[in-house]
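A.B. asks: below are the sequence and a predicted model for it; my questions follow.
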Amino acid sequence: MRSIFFLFFLTGFHSFAQEHLPNIYPKGYFIKPLDIPASLSGNFGELRPNHYHMGLDFKTNHVQNLPIHAAADGYIARIKIEPFGFGRAIYINHPNGLTTVYAHLNSFFPKLEQYVKEQQYKLESWNVYLDIPVGMFPVKKGSFIANSGNTGGSQGPHLHFEIRNTATDTNLNPILFGFPIADNVPPVIQRLAVYDRNKSIYEQSPQIIAVKKTTQGYITVPSTITVSSDKVSFAVSSYDAQTGSANHNGIYQGVLYDSSKEVIRFTMDTISYYDTRYLNAHIDYKTKAKGGPYLQHLSELPGYINSVYRQQRGNGVIRLTEGAIHNIRIETKDAYNNTALLNFKVQYEPPVIKPIPPAGKMYYPFMVNVGEGSGDCEFYIGERGLYDAVQIAYRRSASANPVVVSAIHTIGADYIPLQEGLVVRIKPDSGLLQDKRNRVVMQRFAGTKKEISKPEWQNGWAMGKFNSFGSFQLVLDETAPEIIPIGFKSGQNMSKASRLMFSVKDNLGAIKNFRAELDGKWLRFTNDKARNFIYTFDEHCTPGEHSLKISVADEAGNTAAQIFTFTR
């Protein structure tokens, strides 16, 4: 009877989900995935580098291997294993059209663990993203599915938990589903920033205004802010805390009022992973990139699409007339409607000397922007590349490094964010031989940050794509990676050891492939956080003498291979 019911459940699942996609947040449908009291180290919409935080981070009391439970009935639909990001993750589809995600896990429950391992050996890849056949792993609400961990991009033990619309893969704020998380603490407002909106956001430093908490809410110091621009916008630094926790979590909502009338608000209720990088339009990216605090705009930049903002009376830019005083109110809220209020006045006084408009070439959102260097560099910014109009400067310089086979081309500034990739085309030095091109990479650097891309060659030009501005050059890389065994030597008796571990180093820090073969057959090495490659002895290494071949390749195509022998 149970199998007949489950068959009906599965066959009707997809049609039900499509017809009844959730347009509300059903309270009580999901249970919390941990047995311990719910406490958060991160919440939905929290500000992170280049992305919004897309779920809840449940604390696990600084330990690993706590049991994780399915939040509702459903079936396991996907498994992801990767060195960064989610690490080890489970996706469960539910009959109400929602999907829950559980990330940074250690081990899955035994049958699932065995299935995933079999698929990794079949695909000969530790890093996998598996679609699980429907019905293979059904779960009930409260079923044990995994142990908590610290895998992937996690900075400490915790469970990352998400709720998504299955059909659209859009993330919903889990707090709104009524999990038992006590919170009667209002957000904190730390500072106010004022911007001259006659200029690009990225061609100014904001006027930072101190705020003071009073019994009536927050006020600015001074209470009336005098500005020299007739168009201004605002941003705030604000964080939320939950009852009994000192964590600085993200706010749920920010609302701007002018003379008691709502102008604009942002709300962290639904965000798609396709749009999560738009966080860089939501914050003052330049201030943050220069080591300053997070400032959340209370205005919508022109290049921000599918945004978290809802306009009521304009895009958040306040137009001022000389001498007139505007009464401004800003509210920041958490998902439980705990609210912090900031009240202040703003007044426009024209400057004695009018500012000089920018003289350089401006680049705009929603235009295909093409830039040319000094004959050996071109760059392209797509229609959705920029969030605000801005000048993009270009500079060419020579390199003294003998492995650099082009000029250095500096494009823009790394404090100007990009939503879509920047395409860079560079001509190499005339002395670069044709047969050397397959070992050339394009390198971007800005300060201490470096990254490389394997370029495509078109009519003598190397083309690469990057997500940030900076300096770009072509590098001839003919140095093979280095394979370093850790804790053992070739020929060693490993019968008392529990694992084999290797480190791989590359001169440009860009390992592309790692492959291990034990006695001619692929062997699964993990690579969590891309630190070391680790094989834990199991049934794939029987007692006796063995030959282990390690092969690696870097982004330039340089390869290295070594054979190690050992006894088990």
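C.D. replies: Yep, it's here. The model shown is predicted, which means the values in this text are computed figures rather than measured ones. Numbers count the residues shown, from 1 in each chain.

A.B. asks: shaky segments in the stretch 151-300 of the chain?
C.D. replies: Within the stretch 151-300 of the chain, no stretch falls below the threshold (pLDDT under 70).

A.B. asks: if you could redo that for the chain, that was the one I meant.
C.D. replies: 1-23, 355, 357-359.

A.B. asks: domain boundaries for it, per the record?
C.D. replies: Using automatic domain parsing, the domain parsing of the chain gives 2-177, 188-348, 362-476, 482-567.

A.B. asks: dump those to TSV, plus mean neighbour count.
C.D. replies: In short, each C-beta sits where N, CA and C put it, glycine included. Output for the domains of the chain, formatted as TSV (neighbours: other C-beta atoms under 10 Å):
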stretch	mean neighbour count
domain 2-177	18
domain 188-348	18
domain 362-476	17
domain 482-567	15
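
A.B. asks: of all the ones you listed, which lies closest to Ile356?
C.D. replies: Ranking the domains of the chain by proximity to Ile356 (C-beta to C-beta) places domain 188-348 first, at 11.1 Å.

A.B. asks: of all the domains of the chain, which one comes closest to Lys354?
C.D. replies: domain 188-348 (9.7 Å).

A.B. asks: determine how far the last residue of that closest one lies from the first.
C.D. replies: 28 Å (C-alpha to C-alpha, to the nearest Å).

A.B. asks: can you give me phi and psi for Cys296?
C.D. replies: I think there's a mix-up here, since residue 296 is Gln and not Cys. Backbone torsions of Gln296, given as degrees, to the nearest 10, read phi -100, psi 120.

A.B. asks: mind listing what it touches?
C.D. replies: 47, 235-238, 251, 254, 266, 282-283 (C-beta atoms under 8 Å, 6 or more residues apart in numbering).

A.B. asks: pick out the most distant pair among these.
C.D. replies: Every pair of the contacts of Gln296 checked by C-beta to C-beta; the farthest is Ser237 and Phe266, at 14.4 Å.

A.B. asks: and the strand or helix carrying Gln443, which strands flank it?
C.D. replies: Element membership for Gln443, per DSSP states H and E: strand 440-446. Here strand 440-446 is paired, per DSSP bridges, with strand 449-453 (antiparallel), strand 470-476 (antiparallel).

A.B. asks: next step: the contacts of Gln296 restricted to strands.
C.D. replies: Mapping the contacts of Gln296 onto strands (DSSP state E) picks out 47, 235-238, 254, 266.

A.B. asks: from these, which is closest to Asp506?
C.D. replies: Distances from Asp506 to these, taken by C-beta to C-beta, are shortest for Leu47, at 32.4 Å.

A.B. asks: ok, now how distant is the spatially closest residue to Phe566 that is not a sequence neighbour from Thr526?
C.D. replies: With C-beta to C-beta, 6 or more residues apart in numbering as the criterion, Phe566 has its nearest non-adjacent residue at 4.7 Å, and that residue is Met494. Distance, Met494 to Thr526, by C-beta to C-beta, to the nearest Å: 18 Å.

A.B. asks: for Ala193, same thing?
C.D. replies: Taking C-beta to C-beta, one finds Ala193 at 44 Å from Thr526.

A.B. asks: swap in Cys541?
C.D. replies: 15 Å.

A.B. asks: Tyr380 too?
C.D. replies: Distance from Tyr380 to Thr526, counting by C-beta to C-beta: 39 Å.

A.B. asks: Ser223 against Gln347, yeah?
C.D. replies: No: when contacts are counted by C-beta atoms under 8 Å, Ser223 is not listed as touching Gln347 (10.9 Å).

A.B. asks: what sits against Ala77?
C.D. replies: 91-93, 99, 131-132, 134.

A.B. asks: one more time with 6 Å
C.D. replies: 91, 93, 132 (C-beta atoms under 6 Å, 6 or more residues apart in numbering).

A.B. asks: I'd like to know which of these is nearest to Val390.
C.D. replies: For those, the nearest to Val390 is Tyr91 (38.7 Å; C-beta to C-beta).

A.B. asks: you'd agree the closest one is up against Ala103?
C.D. replies: No: taking contacts as C-beta atoms under 6 Å, Tyr91 lies outside contact range of Ala103: 9.5 Å.

A.B. asks: could you pull out the strands in the stretch 101-250 of the chain for me?
C.D. replies: 105-108, 128-131, 138-139, 144-148, 158-165, 170-172, 188-196, 207-214, 217-227, 231-239 (DSSP state E, counting those that start in this stretch).

A.B. asks: what ranges do the helices span in this protein?
C.D. replies: 2-19, 110-123, 279-282, 285-289 (DSSP state H).

A.B. asks: look up how far Gln434 lies from Gly460.
C.D. replies: Counting by C-beta to C-beta, the separation of Gly460 from Gln434 is 9 Å.

A.B. asks: right, I mislabeled it, should have said Ile163
C.D. replies: Counting by C-beta to C-beta, the gap from Ile163 to Gln434 is 54 Å.

A.B. asks: for Phe472, same thing?
C.D. replies: Distance, Phe472 to Gln434, by C-beta to C-beta: 22 Å.

A.B. asks: got it, and Ala560?
C.D. replies: Applying C-beta to C-beta to Ala560 and Gln434 gives a distance of 25 Å.

A.B. asks: and what of Leu279?
C.D. replies: Distance from Leu279 to Gln434, by C-beta to C-beta: 43 Å.

A.B. asks: contacting residues around Gln443?
C.D. replies: 452, 473, 475.

A.B. asks: sorry, that was for Lys345
C.D. replies: 224, 325, 327.

A.B. asks: and if you look at Gly42?
C.D. replies: 53, 57.

A.B. asks: how about the one 4 residues further on?
C.D. replies: Contacts were defined as C-beta under 6 Å, 6+ apart; by that measure Glu46 touches 53, 249-250.

A.B. asks: if we ignore the residues flanking it in sequence, what's nearest it?
C.D. replies: Gly250 (3.3 Å).

A.B. asks: surely that neighbour is in contact with Arg48?
C.D. replies: No: the pair formed by Gly250 and Arg48 falls short of the contact definition of C-beta under 6 Å, at 9.0 Å.

A.B. asks: the closest residue in space to Thr166 that isn't next to it in sequence pairs with what?
C.D. replies: Once flanking residues are discounted, Thr166 sits nearest to Thr99: 4.6 Å by C-beta to C-beta, 6+ apart. With DSSP bridges applied, Thr99 shows beta-bridge pairing to Asn93, Arg164.

A.B. asks: measure stretch 104-113 end to end?
C.D. replies: 15 Å.

A.B. asks: other residues contacting that stretch?
C.D. replies: By C-beta under 6 Å, 6+ apart, the residues outside stretch 104-113 that reach it are 64-65, 87-88, 137, 144-147, 149, 151-152, 154, 160.

A.B. asks: likewise stretch 505-525?
C.D. replies: 120, 124, 126, 452, 477, 479, 481-482, 504, 533, 535, 546-555.
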